[in-house]
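A.B. asks: Need a 3D model of the sequence below.
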Amino acid sequence: MTTGDGPGAFGDVPRGLRASTAIVACLIVLAVGGWLVATVLARLASLTLSLAATLLLAALIMPVARGLRRLHAPPWLAALGGVLSIVVIVAGPLALIGNETVHQWPQLQQGIGQGVDRIREWLLHGPMPITSRRIDAIGAEIRHRITASAPDPAAGASAAAQVAAAAVLALLLVFFVLKDGASMWAWTLRMTPEHLRPRVDAAARAGWDSLVAYVRGTVVIAAVDATGIGIGLVIIGVPLAAPLALLTFIAAFVPIVGAAVAGAAAVIIAFVSKGITAALLVIAVVVGVQQSEGNLLQPLIMGRALRLHPAVILITVTAGTLLAGIAGAVVAVPITAVAYRVFLTLRAPLPIAAPEADDADAP
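C.D. replies: As a prediction, the model looks like this:
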């Protein structure tokens, strides 16, 4: 059999074409493998999201557990304290926001009615007048579409039960990660060939460091955005300022897209409740805060935790949304950032020295 560039089965094929064919074949194999993995993860969506939420929450709350351990609390008590802090952090603001929403709902309803009347008058007497009958038909069509798209009560109850089960599973897994994270990772590392363990350990720790930096940086940026926009909404007099600030905080975990959605919600509420002037002021506040965050806070706080091009982020968020809805959009970017950091570490010429077992950010 003839090999190389001599005559034979492949001898007449240019080397560049052979190299291109090999690259394309590898890309096809990777694409098929990625599709299979994505299909399996989509079928196990609840478990996948629980695992992703576990890692995100553990990365966020690890300092609480370590602080309790420094106070000589046993590992199980330190882990329990971390889990309880998650419950307090989530349940506390939701309770306060729910109370304020109920309190301000009548005012918002009145504002929405006035806003709808203003829109109707503008449509009737604006630059392109529309007849009253046509406006009524459009309103009826909108109400019909909203009613038709409303989820079935049984399906809604089933989805709520799945979310609750996934949340409970995530909290239980967070407890075990905080309590036994180091031993769990040591056991996992023993499953790899001995000569690969230093490199695998270094890559995993680099990925964990990237996840920790991403989660903590996102929390800080989200808090700054929510505070700045919330203060602006209070000054302008927009109702439901606190719920909108909370929405801004949560939306910050979906890069680029989340900020646009939260800002649009604030502008719509301002328009229907206070009019066009208030809406324009809210636009100015939202744009000012988000530009300051994007140009100043993002590079300073995030650092090297998220070295992804905005186009890659948009594609990642879209893919996560298609696979798992809103939850997929939240976890898609950190998963991609961690995978990218792990890939860079694995392809490094020499293994990176692994931190000690008591590293402050190690699980």
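A.B. asks: residue ranges of the helices in the stretch 151-300 of the chain, please?
C.D. replies: 153-189, 197-236, 241-251, 257-274, 276-292 (DSSP state H, counting those that start in this stretch).
A.B. asks: Would you mind finding the most buried of the ones you listed?
C.D. replies: Mean neighbour count, computed with mean count of other Cβ atoms under 10 Å, is highest for helix 241-251 among the helices of the stretch 151-300 of the chain, reaching a mean of 22. All C-beta spots, glycine's among them, are computed from the backbone N, C-alpha and C.
A.B. asks: and the one helix or strand Thr21 maps to, what does it pack onto?
C.D. replies: Under the criterion DSSP states H and E, the helix or strand holding Thr21 is helix 15-43. Judged by 3 or more Cβ pairs under 8 Å, 6 or more residues apart in numbering; DSSP states H and E, helix 15-43 is in contact with helix 310-346.
A.B. asks: Give me the residue ranges of the stretch 101-250 of the chain where confidence is low.
C.D. replies: Segments of the stretch 101-250 of the chain classed as low confidence (criterion: pLDDT under 70) are 107-108, 111-112, 126, 128-129, 144, 146-153, 155-156.
A.B. asks: quick one, domains of the chain?
C.D. replies: Taking automatic domain parsing as the criterion, the chain consists of the domains 44-145+157-180, 195-354.
A.B. asks: Which among those is found nearest to Leu17?
C.D. replies: domain 195-354 (26.1 Å; Cβ to Cβ).
A.B. asks: Skipping its backbone neighbours, what lies nearest Trp76 in space?
C.D. replies: Counting by Cβ to Cβ, 6 or more residues apart in numbering, the nearest residue to Trp76 once its immediate chain neighbours are dropped is Lys179, at 5.7 Å.
A.B. asks: Show the contacting residues for that neighbour.
C.D. replies: Contacts for Lys179 were tallied using Cβ atoms under 8 Å, 6 or more residues apart in numbering; they are 75-76, 78-79.
A.B. asks: Against Arg69, how distant is it?
C.D. replies: When distance is defined by Cβ to Cβ, to the nearest Å, Lys179 is 10 Å away from Arg69.
A.B. asks: who touches both of these two?
C.D. replies: With Cβ under 8 Å, 6+ apart, Lys179 and Arg69 have common neighbours 75, 78.
A.B. asks: Any idea how far the helix holding Thr21 is from the middle of the chain?
C.D. replies: Computed by Cα atoms, centre = their mean, to the nearest Å, the separation of helix 15-43 from the middle of its chain amounts to 27 Å.
A.B. asks: quick check: angle from it to helix 310-346?
C.D. replies: Per axes from the mean of the first three to the mean of the last three Cα atoms, to 10 degrees, the angle that helix 15-43 makes with helix 310-346 is 100 degrees.
A.B. asks: Tell me the first helix or strand C-terminal of helix 15-43.
C.D. replies: Going down the chain from helix 15-43, the next helix or strand is helix 45-70, by DSSP H and E.
A.B. asks: From the contacts of Lys179, which land in helices?
C.D. replies: Among the contacts of Lys179, the members falling in helices are 75-76, 78-79 (criterion: DSSP state H).
A.B. asks: Done for today, thanks.
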